[in-house]
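Colleague: Need coordinates for the below:
(one chain, ligands or ions: 1)
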Amino acid sequence: MAQLIDGKQLSNQVLQEVASEVERLKAEHDVEPTLAVVLVGEDPASQVYVRNKVKRAKEAGMGSIEHRLGTATTQGDLNQLIEQLNHDPRVHGILVQLPLPSHLDEEEVIAAINPAKDVDGFHPLNVGALAAGQASLVPCTPQGCMIMLRQVHPDLSGKHAVVVGRSNIVGKPMAALLLQANCTVTIAHSRTRDIASLCRNADIVVAAAGRRELVDADWIKPGATVIDVGINAVEVEGKRKLVGDVAFEAVAEKAGAITPVPGGVGPMTIACLLLNTTRAARHQLA
Ligand code: GUN
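Modeller: Residues are numbered from 1 along each chain as shown. Model prediction:
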């Protein structure tokens, strides 16, 4: 049975560091690191994510500001709100929860955020900095995955990592971080040929395809490390349940280490968001 990489426990360690940094910023600089979260529309999953982000921010002693806008919000309204948050000295981090309702242009919204307050790391300037290997605000989910991987592999150098999925939020930045850590990186996606045999060659598989239990045991080399980014809501015997992009039970018997869903990558993402917010606040000290 694989070693379980406990995201709950690890995220608590990160959150403790965040809370200490918040205390220092308050005591030494009279600054309360503050995250502004913007949610447009009624997507139920997004509502849960946003609620959790705000709750954890409060627990870490940070300030948080929630803006909930109706589905009918226009691009102009949203841009205007972002402009206001960009210029508000009390706000250090801005997060616009994705996906946005389909009439809104995500690219335009992301580009409107002040890169220094872009705690998601989605602004083209931060994406470019990451690609160039420069320190910047790094997307939260891949950052959390790296912390989990380091638990198993303090030195990632020379490992072959396969990232399944090529989203801007996870797959692409994940590949950049693994490359920076000297891994040999393959990005697989829906058009990849023979994805199973690619994965069978991997020391590390990061599953971020958004497809329930896509990665099965016969994709996995014995002893490999498997990071499951998927969060898929399913009904099992009338009960709602979360499953990942990895067939957990089967893969856990073959892998060397694996992250559970829930209690794996999810809590790490939120912890890294708050970590980014304290980093942004420190950078913004006058
Ligand atoms: N939707 C799913 N994941 C994320 C994330 O990391 N940030 C934002 N803003 N929206 C998301």
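Colleague: what packs against the helix or strand where residue 185 lies?
Modeller: Using DSSP states H and E, residue 185 sits within strand 184-188. The helices and strands touching strand 184-188, judged by 3 or more C-beta pairs under 8 Å, 6 or more residues apart in numbering; DSSP states H and E, are strand 160-164, helix 171-180, helix 195-200. Quick note: C-beta positions are derived from backbone N, CA and C, even for glycine.
Colleague: my read: residue 33 touches residue 22, true?
Modeller: Yes - with contact defined as C-beta atoms under 8 Å, residue 33 counts as touching residue 22 (5.6 Å).
Colleague: which one of these two has more residues nearby?
Modeller: residue 33 (27 against 22; other C-beta atoms under 10 Å).
Colleague: residues in contact with the more buried one?
Modeller: 21-22, 25, 62-63, 92-93, 277-278, 280-281 (C-beta atoms under 8 Å, 6 or more residues apart in numbering).
Colleague: Filter these down to the ones in strands?
Modeller: Among those, the ones falling in strands (DSSP state E) are 63, 93.
Colleague: So which of the contacts of residue 33 is the closest to residue 130?
Modeller: residue 280 (15.2 Å; C-beta to C-beta).
Colleague: residues contacting that closest one?
Modeller: Contacts of residue 280 by C-beta under 8 Å, 6+ apart are 33, 92-93, 116-117, 119, 137.
Colleague: Buried residues of the longest helix seen in the chain, list them for me.
Modeller: When the chain is parsed with DSSP state H, its longest helix is helix 7-29. The neighbour-count check on helix 7-29 (16 or more other C-beta atoms under 10 Å) flags 7, 10-11, 14-15, 18-19, 21-22, 25 as buried.
Colleague: possible to save the helices and strands packed on strand 184-188 as JSON lines with distance to residue 112?
Modeller: Conversion of the helices and strands packed on strand 184-188 to JSON lines gives the following (distance: least, C-beta to C-beta, whole Å):
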{"stretch": "strand 160-164", "distance to residue 112": "28"}
{"stretch": "helix 171-180", "distance to residue 112": "20"}
{"stretch": "helix 195-200", "distance to residue 112": "36"}
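Colleague: ranges for the strands of the stretch 51-200 of the chain?
Modeller: 63-69, 93-96, 160-164, 184-188 (DSSP state E, counting those that start in this stretch).
Colleague: thinking again about what came up before, residues in contact with both of residue 33 and residue 22, list them for me.
Modeller: 62, 278.
Colleague: picking up where we left off before, among the strands of the stretch 51-200 of the chain, which comes closest to the ligand?
Modeller: Closest approach to the ligand among those (C-beta to the nearest ligand atom): strand 93-96, 5.0 Å.
Colleague: Only alpha carbons, please: show that closest one as PDB.
Modeller: C-alpha atoms of strand 93-96 as PDB (Å, rounded to 0.1, in the frame of the first residue of the first chain):
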ATOM      1  CA  GLY A  93      -4.400  40.100  -3.000                       C
ATOM      2  CA  ILE A  94      -7.200  39.900  -5.600                       C
ATOM      3  CA  LEU A  95      -8.800  36.600  -6.600                       C
ATOM      4  CA  VAL A  96     -11.500  36.400  -9.200                       C
END
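Colleague: rewinding a little: got JSON lines for the helices and strands packed on strand 184-188, with mean pLDDT and distance to the ligand too?
Modeller: JSON lines is the format used below for the helices and strands packed on strand 184-188 (pLDDT from 0 to 100; distance: least, C-beta to the nearest ligand atom, whole Å):
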{"stretch": "strand 160-164", "mean pLDDT": "99", "distance to the ligand": "16"}
{"stretch": "helix 171-180", "mean pLDDT": "98", "distance to the ligand": "10"}
{"stretch": "helix 195-200", "mean pLDDT": "98", "distance to the ligand": "23"}
